[in-house]
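S.K.: just need the structure, nothing else, for what follows:
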Amino acid sequence: MADAWAKELDEATRLAEEVKGSIANANSGGMSRGERSRLLSTTKRKILILDNKVNRLTSTLETLRGQLSEKEFFRCQDAIISLGLRVKQLDSSYKSSQNARDDLLADGTRGPPVETDKTTGLDNYGLIAFQRQTMKDQDVDLEDLEKSVISTKHIALTVNEELDLQAHLLDDMDRHADRTNTVLQNVHKRLVVLSKRAGSSALGCLCLMMLVVVALLLVLLKLIHVW
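M.R.: Sure, this is the predicted structure:
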């Protein structure tokens, strides 16, 4: 009875190795989707068989307790506990392998995962590397966009400052124009007074002409100063 138990334990251990190899092959990416699906289906059945073997070995070991020394019993118990943990790890690896590709290809929608020319033929590690590179490229694009936005902001600030400067210049021109208009009005009044005093004499005309020239010069100087 103890020999039969040890033989079944060896068979279960070899089966666990087969499951491990099958999962590794499924993740290698060297097979079509149909082949991978069939391999994973077979792997799942082997995991279920392994789980049944572990349960059977556990219950059988209890019946052998009286036939084994305490040291031998605990050694067998440790072996079956270790095998049970390994089966759980293999089942977790199987589930990860089953879902990994769909998760990596999922685009955030409710539809099925989409294969593209860039992802076809990639294993899980290749898909992860492709995903990381895609994220890195997106980060670079975002950095370029940020630089463009900052540059546009600086241009807008420069244009705004230039508009403010032009507005101040226009205000200055208005003030100079007002002052020039006031000067011209005063000159005009003086010319009228001088014209009345001078009458029709040549000296009066000459003075009048000189005052006109002076007024025009003042206007030109103001305009040149503004520009």
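
S.K.: which residues does Ser41 contact?
M.R.: Ser41 makes no contacts at all, as judged by C-beta atoms under 8 Å, 6 or more residues apart in numbering. In short, each C-beta sits where N, CA and C put it, glycine included.

S.K.: okay, and it sits in which element?
M.R.: Under the criterion of DSSP states H and E, Ser41 resides in helix 33-63.

S.K.: one more: Arg175?
M.R.: helix 124-198.

S.K.: mind giving me the packing neighbours of that helix?
M.R.: helix 70-105, helix 202-226 (3 or more C-beta pairs under 8 Å, 6 or more residues apart in numbering; DSSP states H and E).

S.K.: next, the angle from it to helix 70-105.
M.R.: Using axes from the mean of the first three to the mean of the last three C-alpha atoms, to 10 degrees, the inter-axis angle of helix 124-198 relative to helix 70-105 is 40 degrees.

S.K.: and helix 124-198, how far from the chain's centre?
M.R.: Relative to its parent chain, helix 124-198 has a centroid offset of 34 Å by C-alpha atoms, centre = their mean, to the nearest Å.

S.K.: can you check stretch 80-100 too?
M.R.: The chain centroid and the centroid of stretch 80-100 are separated by 34 Å under C-alpha atoms, centre = their mean.

S.K.: ok, now stretch 41-57?
M.R.: 44 Å.

S.K.: the closest residue to Arg86 other than its chain neighbours: neighbouring residues, count only.
M.R.: Of all residues not flanking Arg86 in the chain, Ala16 sits nearest, at 5.5 Å (C-beta to C-beta, 6 or more residues apart in numbering). Per other C-beta atoms under 10 Å, the neighbour tally for Ala16 reads 20.
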